[in-house]
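>>> A predicted structure for the sequence below; I have some questions about it.
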Amino acid sequence: MNKKCTVIPIGPYHPLQKEGEFFKLYVEGEKVVDIDWKTGYNHRGIEKISESLSYDQVTFLVERVCGICSTSHPIAYCNAVEDLCGVEIPERAKYIRSIIAELERLHSHLLWFGLAGHFIGYDTVFMWVWKYREPVCDIMEAVTGNRQNYAMMKPGGVRRDIEDEDIPQILKMVRELKPVLEKFIKIVMDDPVIHARTKGIGILTKEDAHRFGATGPTARASGVPIDVRRDYPYAAYDLVDWNVCTCENGDVFDKVAVRLLEMIESVKIIEQCLEKLKTCKGEIDAKLKDVPPGEGIGQAEAPRGEVFHYIRSDGTNRPVRHKIRAPSFVNVPTFKATCIGYEVADVIITLAAVDPCYSCTERMEVIVDGGEQILGFNELLKLSREKTQKLVKELGYNSKLRGSIV
Amino acid sequence: MSPVDKIKEKFSGKIKKFFEKSPRRYYIDIDKEDLLDFVKYIFNDLRGRYTILSGVDTPKGIEILYHFSFDEIGKLVTLRVLLPRDNPEVESISPVITGAQWIEREIQDLLGVKFLNHPDPRRFILPDDWEEGVYPLRRDYKPKEQNE
């Protein structure tokens, strides 16, 4: 590596982040020439702990893999156990699973969208979007009793039912979200500064998406039409009408667009599932007894992509091996393809575009001719915001959002 | 012809065991010497999506499972190789699939499998001061007493 090359360490900890990760950006001038990643800061040995718990207990363990997509892991795990046992869950439980999963997608995408606004210096977007994330958490609380870690799933079904008298209220709250989401889409499509900051930045080509095995919105923004909900139908996704959203360019703008369009589909799915719950009565649990020896694979489409669980059983009440793969594990390596060759100020939004539970920049280390200089996370954020400010001036753009630029 | 049938036809002599668990899940046992041929065919020619690798320590040896997804038809194909516990070595698939670098490093940390010709075989998730030759996902692993 060239001695004049500047190294910018990002990480390993930040309170906003749910997993510690450490990026090293190698920079020549303003241009990123290489990126390296170190992990293990938050390795909690969940796969190992899982081997010491019974099948029912593991559900609550995997719920804690991730604080934001805390229902996709239990769903994928339950899918794996059900695949292993070869059981089908009751129809009513399927709808409830889909409702919880889509509400989670809504709150997770809103959370991400707010943060993305924060990263490019649009703090109004951040406050605004998070305001509308609140009702989603409120619905979650109304349905499950918790804003996060819902504890709704169990192998064979769900643990709590949605009462008939609650449905109209939930429907009303979900429907109120629709105009808000449409407004967000309009803002993103119309705002010249967002276009200037995100179009043509951090492009992931179709071929690179295949090379790295990218999943979820990261792959769909590059025109790879994959979605576990459609390809490996689970819960109620094959019983309701919805579309897989894809874009073609694979840049940051498309990654934003895919997520926003997806939220509209989520609202559609929730509405249909709630309507179906009115007529579809019956059991919510298949009452799984024993788990036979063998192996099972469960997948689920988390907000960030495919969650993959592999279970090996020897016939006892505990898994012998439980492999968990979260979507960021395959999406984060795509930075090798999306960051190199771009400016440092663009990297922060490129890294954020994958939504890798990323927010952590501890300090910035600048090596100039062998000497070292340590700068803070704010320096990098400042770079990103200064670029937005510069663009606003150049474009002579005047809008309500402008007041928000720090 | 579905990709699963194509694999069966092309490698008819090299498949040790073919198991259809369900219409969406296929398990194919192979020799580790044939691994790269299978992976190249599935990943490059059939355009299967690399999903992940799972390493399992079993009484017979260490199993590595290579999961590939054919999303258009919704079928998941798993290749399985068995490695001896005393000297677990297998050819790395990272030169073929760039995205597999991390998981191979993870399995190397947790199960002590050596991936030959891996482009970047550094330690991945274990802490820097973790003892060499101690693999937490092996069956004989005993955690140290907390207050020792």
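Arrived safely.

>>> Mind listing what's buried along stretch A:265-280?
Residues of stretch A:265-280 classed as buried: A:265-274, A:276-277 (neighbour count, 16 or more other CB atoms under 10 Å in any protein chain shown). To be clear about C-beta, it is placed using only N, CA and C from the backbone, and glycine gets the same treatment.

>>> In CSV: the residues you listed, plus pLDDT, distance to B:Asn44 and secondary structure.
Formatted as CSV, these follow (pLDDT from 0 to 100; distance: CB to CB, whole Å; DSSP: H, G, I helix; E, B strand; the rest coil):
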residue, pLDDT, distance to B:Asn44, secondary structure
A:Glu265, 95, 33, helix
A:Ser266, 95, 35, helix
A:Val267, 95, 40, helix
A:Lys268, 95, 37, helix
A:Ile269, 96, 36, helix
A:Ile270, 95, 40, helix
A:Glu271, 95, 43, helix
A:Gln272, 95, 40, helix
A:Cys273, 95, 40, helix
A:Leu274, 94, 45, helix
A:Lys276, 94, 43, helix
A:Leu277, 94, 46, helix
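
>>> Quick one: list the elements packing against the longest helix seen in chain B.
Using DSSP state H to define each element, chain B has its longest helix at helix B:101-111. Under the contact criterion of 3 or more CB pairs under 8 Å, 6 or more residues apart in numbering or on different chains; DSSP states H and E, helix B:101-111 touches strand B:49-58, strand B:114-116.

>>> packing partners for the first one?
Yep, that's strand B:49-58 we're talking about. Using 3+ CB pairs under 8 Å, 6+ apart: strand B:49-58 touches strand A:305-313, strand A:319-325, helix A:328-331, strand B:61-70, helix B:101-111.

>>> Deepest-packed of these, please.
strand A:305-313 (a mean of 27; mean count of other CB atoms under 10 Å in any protein chain shown).

>>> Please save the CA atoms from that one in PDB.
Taking Å, rounded to 0.1, in the frame of the first residue of the first chain, the C-alpha atoms of strand A:305-313 are listed here in PDB:
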ATOM      1  CA  GLY A 305     -32.400  -9.200   2.800                       C
ATOM      2  CA  GLU A 306     -32.500 -12.900   3.200                       C
ATOM      3  CA  VAL A 307     -32.100 -14.400   6.700                       C
ATOM      4  CA  PHE A 308     -30.900 -18.000   6.500                       C
ATOM      5  CA  HIS A 309     -31.100 -20.600   9.300                       C
ATOM      6  CA  TYR A 310     -29.800 -24.200   9.100                       C
ATOM      7  CA  ILE A 311     -30.800 -26.600  11.900                       C
ATOM      8  CA  ARG A 312     -29.300 -30.100  12.500                       C
ATOM      9  CA  SER A 313     -31.200 -32.300  14.900                       C
END
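
>>> Any stretches of chain B with poor pLDDT?
B:145-148 (pLDDT under 70).

>>> Quick check: residues of it near chain A?
B:21-22, B:24-25, B:27, B:47, B:49-52, B:54-57, B:65, B:67, B:69, B:71-72, B:74, B:76, B:78, B:97-103, B:124-127, B:136-137 (CB under 8 Å from any CB of the partner chain).

>>> For stretch B:107-119, measure first residue to last.
15 Å (CA to CA, to the nearest Å).

>>> let me redo that: stretch B:28-41
14 Å.

>>> what's next to that stretch, contact-wise?
B:7, B:10-11, B:14-19, B:66, B:77-83, B:90-91, B:93, B:96-97 (CB atoms under 8 Å, 6 or more residues apart in numbering or on different chains).

>>> follow-up on the earlier one: make a markdown table out of the helices and strands packed on helix B:101-111 and add mean neighbour count.
What follows is the helices and strands packed on helix B:101-111, written out as a markdown table (neighbours: other CB atoms under 10 Å in any protein chain shown):
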| stretch | mean neighbour count |
| --- | --- |
| strand B:49-58 | 23 |
| strand B:114-116 | 16 |
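
>>> Same list (those strands) but as CSV, adding distance to A:Arg259.
Listed next are the helices and strands packed on helix B:101-111 as CSV, based on distance: least, CB to CB, whole Å:
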stretch, distance to A:Arg259
strand B:49-58, 21
strand B:114-116, 35
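
>>> who wins for proximity to A:Glu104 among those strands?
Nearest of the helices and strands packed on helix B:101-111 to A:Glu104, taken as CB to CB: strand B:49-58 at 21.9 Å.

>>> distance between the closest one and the chain's centre?
Remark: strand B:49-58 is offset 4 Å from the chain centroid, using CA atoms, centre = their mean, to the nearest Å.

>>> Out of the contacts of stretch B:28-41, which end up buried?
Buried, going by 16+ other CB under 10 Å: B:7, B:10-11, B:15, B:66, B:77-83, B:90-91, B:93, B:96-97, out of the contacts of stretch B:28-41.

>>> In this structure A:Ile10 contacts A:Leu25, no?
Yes: contact criterion CB atoms under 8 Å: A:Ile10 and A:Leu25 qualify, at 6.7 Å.

>>> okay, and the common contacts of the two?
Common neighbours of A:Ile10 and A:Leu25 (CB under 8 Å, 6+ apart) do not exist.

>>> which stretches of chain B form helices?
B:3-10, B:35-40, B:101-111.

>>> and what of the stretch 101-250 of chain A?
A:123-144, A:167-190, A:192-198, A:206-212, A:216-220, A:228-231 (DSSP state H, counting those that start in this stretch).

>>> and B:Asp5, how many neighbours?
9 (other CB atoms under 10 Å in any protein chain shown).

>>> Look up how far B:Phe11 lies from it.
Separation of B:Asp5 from B:Phe11 (CB to CB, to the nearest Å): 11 Å.

>>> Spell out, range by range, the strands that occur in chain A.
A:6-10, A:22-28, A:31-38, A:153-154, A:157-158, A:294-302, A:305-313, A:319-325, A:363-368, A:371-376 (DSSP state E).

>>> and the fifth one, what does it pack onto?
Strand A:157-158 sits against helix A:91-119, with contacts defined as 3+ CB pairs under 8 Å, 6+ apart.

>>> so what does the helix it packs on touch, helix or strand wise?
Taking 3+ CB pairs under 8 Å, 6+ apart as the contact cut, helix A:91-119 packs with helix A:72-85, helix A:123-144, strand A:157-158, helix A:252-279, helix A:344-353.

>>> With distance to A:Phe212 added, can I get these in TSV?
Below are these laid out as TSV (distance: least, CB to CB, whole Å):
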stretch	distance to A:Phe212
helix A:72-85	20
helix A:123-144	29
strand A:157-158	34
helix A:252-279	15
helix A:344-353	14
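
>>> Tell me which of the ones you listed lies nearest to A:Lys178.
helix A:252-279 (5.5 Å).

>>> Find the nearest non-adjacent residue to A:Val143, please.
The shortest distance from A:Val143 to any non-neighbouring residue, by CB to CB, 6 or more residues apart in numbering or on different chains, is to A:Ile162 (6.0 Å).

>>> Since that was my last question, I'll sign off now.
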